[in-house]
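# What follows is a predicted protein model with its sequence.
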Amino acid sequence: MTIKSRAAVAFGPNQPLQIVEVDVAPPKAGEVLIRIVATGVCHTDAYTLSGEDSEGVFPCILGHEGGGIVEAVGEGVDLVAPGDRVAYAATLGGYAEVRLIEADRLVKVPDGIDDKTAAGMMLKGMTARYLLRRTFNVTPGTTILFHAAAGGVGLIAGQWAKHLGATVIGTAGSPDKMELARAHGYDHVINSRTENFVERVKEITGGKGVDVVYDSVGQDTYPASLDCIRRLGTWVPFGQSSGPIRNFDLQILNQKGGIFTTRPTLVHYVAERSELEETAADLFDVVASGAVKIRINQEYPLKEAGRAQTDLEGRKTTGTTVLIP
């Protein structure tokens, strides 16, 4: 028997989201039906809405991270059971009241972490985890530069990097956001609107540069970010909130000191079930320990999903933003 669910549907690239009623079928073999408690709002949704990524098949229901309660399971599902508190990331369909999802993409939420926090941290938190532990392994003595330090990933990464013993430098676009970053692990915060971040990084590091730059901004910080990196350091452009980088020439990495680079995304780091479980467990552990605190600074009802997305893209938000059905 199908059930009805309200959902925020994108019918085409850059078109306004529409709240519509959709039919949700019973779970098939390997699927789980969950009633959503909260859904995180993130820049990945903006990329999908713009048609810039491979998921941009329309119409579609946005929402790449979230969590809820298992209501029913399909044949062969033994990873979760009805009543379990679960969360997920890197799979579309969360801007809704209920949804279907493959069972192997869910993780159980441990006691001590509330549903809303879990729902709003999965994609951003697991992104911070792969950036700091796998793309470039941050250890005591590492010096990093993290752009958009007051954003959802930035606030988690700042705390986590500090917990790992790094010297943490961040950029933010206003005094309020700078103060927020300082309260979340950043040793130094640069005003990206009024200061030259390359000059400031050189001052802070005594001219050496940082070991790694993590950059979700894109075009606005390129190629200046490369001038912040030490010889044989690493540049990690993992997002493009200001638009994709244009006119990239691989030779520039040689000119700037033999810099290593990669363009990572979460799906490649949690493709295997074991990788997902390990990544999520590490995130749950640092949050449960208090080393990383998740700030849910904005909440919107599902019917205002379009406004939530616009506010995020307009850099009017800090920390984590969630939709509540």
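Cool, got the structure.
# So which elements touch the longest strand anywhere in the chain?
With DSSP state E applied, the strand covering the greatest number of residues in the chain is identified as strand 31-41. Where contact means 3 or more CB pairs under 8 Å, 6 or more residues apart in numbering; DSSP states H and E, strand 31-41 is packed against strand 65-73, strand 98-102, helix 115-130, helix 305-313, strand 320-324. For every residue, glycine as well, the C-beta is placed using N, CA and C.
# Tell me which stretches of the stretch 151-300 of the chain form helices.
In order along the chain, the stretch 151-300 of the chain carries the following helices (DSSP state H, counting those that start in this stretch): 152-163, 175-182, 197-204, 251-255, 266-269, 273-288.
# In JSON lines, list those helices along with mean neighbour count and mean pLDDT.
Listed next are the helices of the stretch 151-300 of the chain as JSON lines, based on neighbours: other CB atoms under 10 Å; pLDDT from 0 to 100:
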{"stretch": "helix 152-163", "mean neighbour count": "26", "mean pLDDT": "96"}
{"stretch": "helix 175-182", "mean neighbour count": "19", "mean pLDDT": "96"}
{"stretch": "helix 197-204", "mean neighbour count": "18", "mean pLDDT": "98"}
{"stretch": "helix 251-255", "mean neighbour count": "12", "mean pLDDT": "97"}
{"stretch": "helix 266-269", "mean neighbour count": "17", "mean pLDDT": "96"}
{"stretch": "helix 273-288", "mean neighbour count": "17", "mean pLDDT": "98"}
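# State the distance from Ala308 to Leu17.
Distance of Ala308 to Leu17, given as CB to CB, to the nearest Å: 9 Å.
# ok, now which ones touch Asn247?
Not one residue lies near Asn247 by CB atoms under 8 Å, 6 or more residues apart in numbering.
# doesn't Glu31 make contact with Ala25?
No: at 9.1 Å, Ala25 and Glu31 do not qualify as touching, with contact defined as CB atoms under 8 Å.
# Please name the bridge partners of Ala89.
Taking DSSP bridges, one finds Glu65 as the beta-bridge partners of Ala89.
# How about the contacts made by it?
If you count contacts by CB under 8 Å, 6+ apart, then Ala89 has His64, Glu65, Met122, Leu123, Met126, Leu266, Val270 around it.
# So for it, what's the pLDDT?
As predicted, Ala89 sits at a pLDDT of 96.
# Relative to Lys116, how far out is it?
Using CB to CB, which is the criterion applied here, Ala89 is 15 Å from Lys116.
# wouldn't Phe284 be in contact with Pro110 here?
Yes: checked against CB under 8 Å, the pair Phe284 and Pro110 is within contact range at 5.4 Å.
# still on that earlier bit, looking at Ala25 and Glu31, which one has more neighbours?
More neighbours surround Glu31 than the other of Ala25 and Glu31, with 18 against 11 (other CB atoms under 10 Å).
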